[in-house]
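**Q** sequence plus the predicted model coming up.
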Amino acid sequence: MSRRLRLLFTALAAAALLWLLLAAAERFLALAQRFLGLPAWLQWTLGAALAVFASLGVIVLWWLLRPRRRRRPVAAPDRGTLEERMQKLREHGADTGALTAELGELDRRRASARIHVALFGEISTGKSSLIRALAPHAAIATDARGGTTRAVGHYDGQLTDGRTLVLADVPGSREAGGEAHETMARQEALRSHAVVYLCAGDLTRQQVDELRWLADFGKPLLLVLNKADQWTSAEREQLLARLRQQARGIAVDVLAISAGGSERYKRQLADGRSESVERQRQPVIEPLLQALARLTTGGAEALEPLRQHAVLAGLHQRTGMLEAQTRAEEAERIVRKYARRAVVGALAAVAPGSDLLIQGVLATGLTRDLAQLYDVRASEVQIEDFVRQAKLTLRTGSSIVLAVAGNAMKAFPGLGTLGGGVLHAFAYALIFDSLGHALAASLAERKTLDQDDASARLKTLLADAGSGRLQQLATLTIDAWREREQPPATH
Ligand SMILES: Nc1nc2c(ncn2[C@@H]2O[C@H](COP(=O)(O)OP(=O)(O)OP(=O)(O)O)[C@@H](O)[C@H]2O)c(=O)[nH]1
Ligand SMILES: [Mg+2]
């Protein structure tokens with residue numbers, strides 16, 4: 001729609017709105033006048049009825065707009081779709097080893113029919129100590145220093161009714177620089193049938209977020225306050241009440257235990273010397289054993305569908321990230337290829353003009369290839385339109401491009417030695433690199449060929465004189481020049 005037509009419509013709409021407002025005001029004044037003319041008893045009755053209606057309206061509005069507690073569970077695709085996506089990724093040279101291994105583990109655990117429970121929580125909340133209490137024969141390291149557990153370990157634990165569980169000890173979260181360990185822990189949590197989330201006091205914001213993350217995947221959760229021996233019973237009850245409040249709708253049960261752990265104390269010897277001795281605290285974990293027994297009454301089979309959903313949902317996210325990364329790498333290759341061709345084209349031009357006229361055929365090819373990479377359907381007309389717009393953006397920005405290219409000539413002396421035409425060749429490298437990156441970023445985010453968005457990004461990139469980027473483009477230009485001077489033997 002043309003600008004003028006849009007203006008006309010806006011003016012018409014504004015006039016209609018004004019007319020409506022005036023009519024409403026007139027009606028209101030007329031009603032008010034009639035209202036004032038009524039006998040007092042009728043005024044009161046009508047006033048009361050209106051007040052009731054208004055409050056009902058407010059209540060309904062609040063009910064409609066109130067913040068929702070219930071969160072939407074994370075989506076999981078079916079297995080076939082996931083496998084297809086992984087296959088496609090492999091065709092593009094991506095390493096999907098970890099993703100297929102996850103699918104294999106999904107099947108292996110289903111076939112084993114054992115119940116898997118992961119312990120989860122921040123560092124030093126007592127996960128390993130709890131494993132020791134649940135599986136007394138396990139050889140396991142615990143320490144007051146955070147970050148003791150570095151890998152996922154599996155141990156056989158026993159419930160009071162004799163059933164066994166596979167317990168997973170995982171690295172603690174929130175360790176400085178421990179992102180890789182945290183990812184490991186989260187993945188193990190998704191693989192398990194249920195999660196015991198350990199904390200040692202009030203929950204921080206990050207802990208609540210972590211619990212929500214697990215709940216969004218549909219994990220059955222037990223929120224467990226460990227180190228209960230550190231509090232008086234009144235304090236413990238207060239803490240538990242707050243935890244129940246924070247975990248409402250998230251955790252199946254909230255309870256307090258003492259995993260035990262060890263403590264050091266000084267012992268006086270008969271000869272007057274003293275020695276430091278380590279002893280195990282007595283664990284108190286019955287409430288947890290009962291909660292685990294309740295949670296797992298239906299056996300592995302009853303919890304399996306939720307577990308499958310969580311693993312597939314996790315894989316969906318991981319596959320998505322690998323897809324984005326693989327595409328970005330492919331986009332980078334495409335942009336380089338066209339930037340190089342543009343440089344070669346510019347070097348071949350007999351007398352480059354002072355105006356930068358975008359090389360239309362190449363720009364069209366670049367746009368088509370990138371759109372295809374991002375699965376964006378774009379007709380030839382749309383692509384031509386896009387290139388025309390890019391040319392316009394470029395015309396207004398050509399002085400900036402030449403200025404950046406001129407500075408690069410000074411900054412990278414290698415360029416200067418190449419002789420005439422290099423300034424233009426480098427400018428073309430900059431133009432195609434900017435156009436390609438602007439378009440790729442826009443396509444990735446908008447999932448459509450959005451001219452305005454891509455142009456805005458192009459403008460920013462054309463003026464971006466980051467030295468790392470210019471260095472790369474200078475190398476590209478020099479290489480293209482050398483190849484032209486000494487054509488490869490195959491030609
Ligand atoms: N007072 C008290 N201390 C405990 C209890 N359970 C564990 N601890 C102590 O807490 C510290 C951390 O215990 P770990 O079992 O190593 O904790 P973790 O969660 O496995 O730690 P990371 O592996 O580093 O994530 C140790 O010093 C334990 O002795 C408990 O019930 N009461
Ligand atoms: Mg540990």
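**A** Perfect, I can see it now. Numbering: from 1, shown residues only. Ligands and ions are numbered 1, 2, ... in the order given.
**Q** got the confidence number for residue 4?
**A** Here, the pLDDT recorded for residue 4 equals 87.
**Q** ugh, wrong one, I meant residue 420
**A** 68.
**Q** is any part of the helix or strand where residue 188 lies close to ligand 1?
**A** Per DSSP states H and E, residue 188 falls inside helix 179-191. No: with Cβ under 6 Å from any ligand atom as the measure, helix 179-191 is seen stopping short of ligand 1, the closest distance being 8.7 Å. C-beta: built from backbone N, CA, C; applies to glycine.
**Q** so for that helix, what gets flagged as buried?
**A** 181, 182, 184, 185, 186, 187, 188, 189, 190, 191 (16 or more other Cβ atoms under 10 Å).
**Q** so how many other residues sit close to residue 373?
**A** Residue 373 has 19 neighbouring residues, counting by other Cβ atoms under 10 Å.
**Q** how about it, phi and psi?
**A** With angles defined as degrees, to the nearest 10, residue 373 sits at phi -60, psi -40.
**Q** what's the answer for the one 5 residues further on, then?
**A** Note on residue 378: backbone dihedrals following degrees, to the nearest 10 are phi -140, psi 130.
**Q** now do the helix holding residue 188: distance to the chain's middle.
**A** Computed by Cα atoms, centre = their mean, to the nearest Å, the chain-centroid distance of helix 179-191 equals 15 Å.
**Q** is that helix in proximity to ligand 2?
**A** No: using Cβ under 5 Å from the ion, helix 179-191 never reaches ligand 2; the gap is at least 10.3 Å.
**Q** so what touches that helix?
**A** Under the contact criterion Cβ atoms under 8 Å, 6 or more residues apart in numbering, helix 179-191 has outside partners 102, 105-106, 109, 116, 118, 120, 147, 150-152, 168, 170-175, 195, 213-214, 217, 219, 307, 310-311, 313-314.
**Q** next up, the contacts around residue 149.
**A** 127, 128, 141, 169, 170, 171, 172.
**Q** check what pLDDT it gets.
**A** 81.
**Q** any idea how far it lies from residue 259?
**A** Residue 149 is 14 Å from residue 259, where distance means Cβ to Cβ, to the nearest Å.
**Q** how about residue 319?
**A** Residue 319 is 37 Å from residue 259, by Cβ to Cβ.
**Q** of these two, who's got more company?
**A** residue 259 (28 against 22).
**Q** burial count for residue 137?
**A** Neighbours of residue 137 under the rule other Cβ under 10 Å: 8.
**Q** make sure it is indeed in a strand.
**A** No: Residue 137: not assigned to a strand; according to DSSP: H, G, I helix; E, B strand; the rest coil it is coil.
**Q** can you report phi and psi for it?
**A** phi -90, psi 0.
**Q** could you report the pLDDT at it?
**A** Residue 137 is given a pLDDT of 77.
**Q** and it, how far from residue 153?
**A** With Cβ to Cβ as the criterion, residue 137 and residue 153 are 14 Å apart.
**Q** follow-up on the earlier one: out of the contacts of helix 179-191, which are buried?
**A** Applying 16+ other Cβ under 10 Å to those flags 102, 106, 109, 116, 118, 120, 147, 152, 168, 170-175, 195, 214, 217, 219, 307, 310-311, 313-314 as buried.
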